[in-house]
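Trainee: Need coordinates for the following:
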Amino acid sequence: MAATTAGAVKARLESLEFGVPVFRDGPREGQGEPFVVVQEALPIGLDTANGDFGDPDAEITIVETLTVDLVQLARVKTGAATTRNAERYGLAEAIAHALHGHTLPAHPAKVTAVRVDGIERIPIAENRVRHSITVQVHRVLLRSEVVPQ
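Mentor: Have a look, this model is predicted:
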């Protein structure tokens, strides 16, 4: 079981065997492309559609926003003056599709919904292309997140 939302998303993506390593918060030093980075808690808000805010014993549900960034090489050299495309078109969409509607069973909290808000393709810089996928995870706030252990 994952300890965090990013860990649960990482576990989901690794189970799909896209052939791309997945990291939380950043790749390891010297990591080659392609790779995926999951960053969580950007931001967190109350899920006002669920819960009874008059009941102190009611579950508190939150909406946690994550970004799932896919980083790929844009081109690779094939000769002294030639290159070819290296970007895996459709991979960002496949990642988004795999997350949208999934319940993230590896998450320690009950997840009620996962929604992909969009995919932004960042222009090529330094021969890298980046897709940033915005994901909202609707989940229960764990008591361990509130009360120190």
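
Trainee: so where do the strands sit in the protein?
Mentor: 22-24, 35-39, 44-46, 61-73, 75-77, 83-85, 111-125, 128-140 (DSSP state E).

Trainee: Given the longest one, what are its sheet partners and their directions?
Mentor: According to DSSP bridges, strand 111-125 forms sheet pairs with strand 128-140 (antiparallel).

Trainee: quick one, the strand it pairs with and strand 61-73 angle?
Mentor: 160 degrees (axes from the mean of the first three to the mean of the last three Cα atoms, to 10 degrees).

Trainee: If we go by neighbour counts, what in strand 128-140 is buried?
Mentor: 129-140 (16 or more other Cβ atoms under 10 Å). Glycine gets a C-beta too; all of them are placed from N, C-alpha and C.

Trainee: Return the per-residue confidence for Asn50.
Mentor: Note for Asn50: predicted pLDDT of 61.

Trainee: Ranked by average pLDDT, which of the strands of the chain falls at the bottom?
Mentor: Of all the strands of the chain, strand 44-46 carries the lowest average pLDDT, namely a mean of 87.

Trainee: contacts for it?
Mentor: Residues from elsewhere that reach strand 44-46 (Cβ atoms under 8 Å, 6 or more residues apart in numbering): 60-65.

Trainee: what does stretch 57-67 give?
Mentor: Contacts for stretch 57-67 (Cβ under 8 Å, 6+ apart): 5-6, 9, 38-47, 50-52, 110, 112, 132-141.

Trainee: again, 7 Å this time
Mentor: Outside stretch 57-67, the residues that touch it by Cβ atoms under 7 Å, 6 or more residues apart in numbering are 5-6, 9, 38-47, 50-52, 112, 132-141.

Trainee: Export the buried residues of strand 128-140 to JSON lines and append columns for distance to Ile122.
Mentor: Formatted as JSON lines, the buried residues of strand 128-140 follow (distance: Cβ to Cβ, whole Å):
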{"residue": "Val129", "distance to Ile122": "7"}
{"residue": "Arg130", "distance to Ile122": "4"}
{"residue": "His131", "distance to Ile122": "7"}
{"residue": "Ser132", "distance to Ile122": "6"}
{"residue": "Ile133", "distance to Ile122": "11"}
{"residue": "Thr134", "distance to Ile122": "13"}
{"residue": "Val135", "distance to Ile122": "17"}
{"residue": "Gln136", "distance to Ile122": "20"}
{"residue": "Val137", "distance to Ile122": "22"}
{"residue": "His138", "distance to Ile122": "27"}
{"residue": "Arg139", "distance to Ile122": "28"}
{"residue": "Val140", "distance to Ile122": "33"}
